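Trainee: fold the following, please.
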Amino acid sequence: MKCALVTGGSRGIGKAICLKLASENAYHILINYQSNKEAALQTLAEIEALGATAEILKFDVADHEAVNKVLHTWKENNPQAVVEVIVNNAGITRDGLFMWMQPEDWKSVIDITLNGFYNVTNFFIQEMLRSKYGRIINMVSVSGVKGTPGQTNYSAAKGALVAATKALAQEVAKRKITVNAVAPGFIRTDMTADLDEKELIKMIPANRFGEAEEVANLVAFLASDKAGYITGETININGGIYS
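Mentor: Numbers count the residues shown, from 1 in each chain. Okay, the predicted model is just below:
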């Protein structure tokens, strides 16, 4: 059984990626979630409605022990399963000016994005190297390449993940494992629902917010055999706001 694991896969961009990888890339989807079981089950139901298969896995990507425990148990129960695709999508924002930023707002954002990448990817990397195939896709942000005021913590976390993407890509390329980052701009999701869309689109050359499915299309391509010669890249998908 060939599997794709999507962290933070129950809502928004993560959910769109789960649906796309299930329908177009024919993977059994591992939907990771942390707290919203209802949303995870909804995503599972939508995947099954497509005639594909999936299951939900609850863990906090920032908790190394919890990640290892859940994934070890899953491996023991599914000895024939191979995780070929990892999409490190889980992330949170705790926006605010740096001068007033509390230690917890700094730490939690870094932990989930950066340590989450380490905890999940490190668990599977040896198996990928042995099987000589893998697709690792890290969801970053325009904030991680351009920097966004009021998001010093988020920009730091995503920028570090861009650098990690470049380094790991060079380590594992000989084994046919690609490592790429996808950097969305303003995408219409729960996370951006409170933003003033009318004002913000004035900054976007494409004159609109992106859709989660558009990001999922890019991820599905990078997860496919067609993208075997693309690695170490950060691909912007932002309507022209930054390149």
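
Trainee: every contact and neighbour count from this point should use C-alpha atoms.
Mentor: Noted.

Trainee: any idea how far residue 151 lies from residue 96?
Mentor: Using Cα to Cα, to the nearest Å, we find residue 151 at a distance of 6 Å from residue 96.

Trainee: so those two - more neighbours on which side?
Mentor: Comparing residue 151 with residue 96 by neighbour count (other Cα atoms under 10 Å), the higher total belongs to residue 151, at 20 against 15.

Trainee: I'd assumed residue 144 was in contact with that one.
Mentor: No - taking contacts as Cα atoms under 8 Å, residue 151 lies outside contact range of residue 144: 9.5 Å.

Trainee: any idea how many residues pack against residue 38?
Mentor: 11.

Trainee: let's number from 31 now, not from 1
Mentor: In the new count, where the first residue is 31, that last one comes out as residue 68.

Trainee: do you know how far the residue nearest the centre of the chain is from residue 36?
Mentor: Here the mean C-alpha position of the chain is nearest to the C-alpha of residue 119 (Cα atoms, centre = their mean), at a distance of 1.9 Å. Computed as Cα to Cα, the residue 119 to residue 36 distance reads 7 Å.

Trainee: how about residue 256?
Mentor: Residue 256 is 20 Å from residue 36, by Cα to Cα.

Trainee: among these two, which residue is more densely surrounded?
Mentor: The residue with more neighbours, out of residue 256 and residue 36, is residue 36; 25 against 9, by other Cα under 10 Å.

Trainee: got the confidence number for that one?
Mentor: What the model reports for residue 36 is a pLDDT of 98.

Trainee: so how many other residues sit close to the nearest residue to residue 82 once chain neighbours are set aside?
Mentor: Once flanking residues are discounted, residue 82 sits nearest to residue 52: 5.9 Å by Cα to Cα, 6 or more residues apart in numbering. Residue 52 has 22 neighbours, counted by other Cα under 10 Å.
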